[in-house]
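*Asks:* Predicted structure and sequence below. I'll ask about it afterward.
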Amino acid sequence: MATSSPPPPPAPEQTGPPLTLETLLQVLQAAQSPDPSQRQPAEQLLQSWEPLHNFPTALHTVVRDVNVDENVRQLAAICLKNCVIRWWKRRPSGGVGDEDKARLRVALLSGMEVLSNQVRETKHEQAGRVDPQ
């Protein structure tokens, strides 16, 4: 008797505004505010988005966008790390889907390659400054 895989878990209920790139950028900026009345709701909204299957991909998009403020990109990277730690394994309440995992793996590895190239270029520039030939 053939067994079929269980159906995917239902999508988690969305609280607050829907996750769009524009909204994510605004919320990441608000999460850095020194004003607790702005920061705390933004932090709560970021946590409520963690189980959404497209949240890590959206965060990664922000991290890679050189036109976004560096502090916002850094917070997006921290949120991405936390989301992967908490939600990489799917749960009934949400998590990172298989398609998103595959996309993230490729994107993160290509990002590491770009970073490696940048580090290599920086080393050559620094070496030229220290030992000009």
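*Replies:* Thanks, I have it.

*Asks:* list the contacts for the closest residue in space to residue 59 that isn't next to it in sequence?
*Replies:* Spatially, and ignoring its direct neighbours in sequence, residue 59 is nearest to residue 80 (4.1 Å; Cβ to Cβ, 6 or more residues apart in numbering). Backbone N, C-alpha and C define where each C-beta goes, glycine included. Contact partners of residue 80, counting by Cβ atoms under 8 Å, 6 or more residues apart in numbering, are 56, 59-60, 63.

*Asks:* Which of the residues you listed sits closest to residue 21?
*Replies:* Within those, the smallest distance to residue 21 is 10.1 Å, found for residue 59 (Cβ to Cβ).

*Asks:* which ones are touching the closest one?
*Replies:* Listed by Cβ under 8 Å, 6+ apart, the contact partners of residue 59 are 24, 76-77, 79-80, 83.

*Asks:* likewise residue 86?
*Replies:* Contacts for residue 86 were tallied using Cβ under 8 Å, 6+ apart; they are residue 50.

*Asks:* Name the helix or strand for it, please.
*Replies:* helix 70-87 (DSSP states H and E).

*Asks:* Could you list the alpha-carbon positions for that helix in CSV?
*Replies:* Output for helix 70-87, consisting of C-alpha atoms alone and laid out as CSV, is shown next (Å, rounded to 0.1, in the frame of the first residue of the first chain):
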residue,chain,number,x,y,z
GLU,A,70,23.8,49.8,5.5
ASN,A,71,22.2,49.7,9.0
VAL,A,72,18.9,48.4,7.5
ARG,A,73,20.8,45.8,5.5
GLN,A,74,22.6,44.7,8.7
LEU,A,75,19.4,44.4,10.6
ALA,A,76,17.9,42.4,7.7
ALA,A,77,20.9,40.1,7.9
ILE,A,78,20.4,39.5,11.6
CYS,A,79,16.7,38.9,11.1
LEU,A,80,17.5,36.4,8.3
LYS,A,81,19.9,34.5,10.6
ASN,A,82,17.4,34.4,13.4
CYS,A,83,14.6,33.3,11.0
VAL,A,84,16.7,30.5,9.6
ILE,A,85,17.6,29.3,13.1
ARG,A,86,14.0,29.3,14.2
TRP,A,87,12.1,28.3,11.1
